[in-house]
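1. model this:
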Amino acid sequence: MGLLDLVWKQVNKNYRLIKHHIGAPGNVDGEMPHPAADEINAGFMTPAQVDKLKYSTGEYKILQDGTDVAKLGPGNYYIVGSPTRPGGAAPLTNAFFYEVKQTGAFKSIEAVLAYNGKKYWLSTWGDKPNNGSDGWRKEIHEVTLFSGYMSSGYLTLPIDIDEFDGLRFEYKFEGDTICTSDVFQLKKASKYQLTAKYLTGDDAWARLGFMRLSFSSQYTFNIDSNVTLTTDFKGTVNKTSGTIAIARIIGLIGGQP
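-> Okay, the predicted model is just below:
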């Protein structure tokens with residue numbers, strides 16, 4: 001047999017091994033094939049390596065109901081009824097996608113509520129994780145809907161308020177005092193009030209600011225009134241035009257309730 005014949009034979013054998021060896025039944029030229037790797041069969045990879053490969057590509061492993069995510073190692077999991085979850089025993093906060101990361105004694109758990117996508121995270125240290133809803137923080141996303149200076153009139157927002165869980169109003173009083181007010185459970189035609197207060201230098205007088213606004217549609221709100229009350233705490237109250245001015249309106253996604 002010539003050299004070229006020997007080379008061709010080896011190339012042909014290697015081709016058949018590559019094509020048929022992995023996961024094939026029987027044998028190829030006396031070589032017993034390995035099964036393809038999965039959660040049960042090791043094959044060319046152990047089941048643990050298969051899991052790591054799946055986790056690295058973002059796949060979630062469905063675990064038995066009631067599995068405690070706080071006791072799991074790094075990975076991605078889908079669990080119903082984990083005793084360690086945001087919301088505790090509340091039935092609507094029951095099914096979560098979890099991503100667990102760990103470095104030494106530090107563990108970070110991210111939980112995404114399956115039915116609406118709201119996201120929470122929990123950090124633990126050592127062997128005493130926070131159980132139930134203790135220690136969970138909700139991830140809140142903010143979208144700026146208005147930035148400017150507004151003390152009267154009406155404003156049309158670029159996005160329907162129904163798209164948000166709440167709104168944050170950042171406003172000024174007396175020209176430079178920054179105040180914030182978060183409003184949730186938004187409803188058309190409901191009225192909301194922004195308030196502020198300022199004590200004079202001798203603390204003998206106080207100025208109180210009140211702005212009332214309401215939504216006439218899911219996009220547009222009106223400033224119905226803007227007044228300032230000045231009082232000496234002894235019965236004297238003077239009413240003047242208000243000095244509250246809205247500086248920013250921010251849409252909140254993931255806030256309460």
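
2. What residues of stretch 170-188 count as buried?
-> By 16 or more other C-beta atoms under 10 Å, the buried positions in stretch 170-188 come out as E170, Y171, K172, F173, C179, S181, V183, L186. Any C-beta I mention is one placed from the backbone N, CA and C, and that applies to glycine too.

3. So for the residues you listed, which is the shakiest by pLDDT?
-> Lowest pLDDT within these is found at L186 (78).

4. Grab the nearest non-local neighbour of that residue.
-> Distances taken as C-beta to C-beta, 6 or more residues apart in numbering place I161 nearest to L186, at 4.8 Å, with adjacent residues excluded.

5. thought the one you found was touching S217?
-> No. Assessed by C-beta atoms under 8 Å, I161 is found out of contact with S217, at 9.1 Å.

6. Between those two, which is the more surrounded one?
-> I161 (21 against 12; other C-beta atoms under 10 Å).

7. And T177, how far from T144?
-> 21 Å (C-beta to C-beta, to the nearest Å).

8. OK, contacts around G242?
-> S151, G209, F210, M211, S225, N226, V227, T228 (C-beta atoms under 8 Å, 6 or more residues apart in numbering).

9. let me fix that: Y78
-> Taking C-beta under 8 Å, 6+ apart, we find Y78 in contact with Y60, K61, I62, L63, A95, F96, F97, Y98, A114.

10. Likewise for L157?
-> L157 neighbours (C-beta under 8 Å, 6+ apart): L145, F146, Y219, T220, F221, I249.

11. and of those residues, the nearest to S190?
-> Nearest to S190 out of the contacts of L157 is F221 (C-beta to C-beta; 10.1 Å).

12. Now the closest one. Its backbone dihedrals?
-> phi -120, psi 150 (degrees, to the nearest 10).

13. Tell me the bridge partners for F221.
-> Taking DSSP bridges as the rule, F221 bridges to L155, F215.

14. picking up where we left off before, closest one to T236 out of the contacts of G242, please.
-> Distance to T236 across the contacts of G242 (C-beta to C-beta) is lowest for T228, with 14.2 Å.

15. Surely the closest one touches K239?
-> Yes. T228 is within contact range of K239, at 7.4 Å (criterion: C-beta under 8 Å).

16. re earlier: reformat the buried residues of stretch 170-188 as CSV; add secondary structure and distance to K9.
-> Listed next are those as CSV, based on DSSP: H, G, I helix; E, B strand; the rest coil; distance: C-beta to C-beta, whole Å:
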residue, secondary structure, distance to K9
E170, strand, 79
Y171, strand, 84
K172, strand, 86
F173, strand, 90
C179, strand, 85
S181, strand, 82
V183, strand, 80
L186, coil, 77
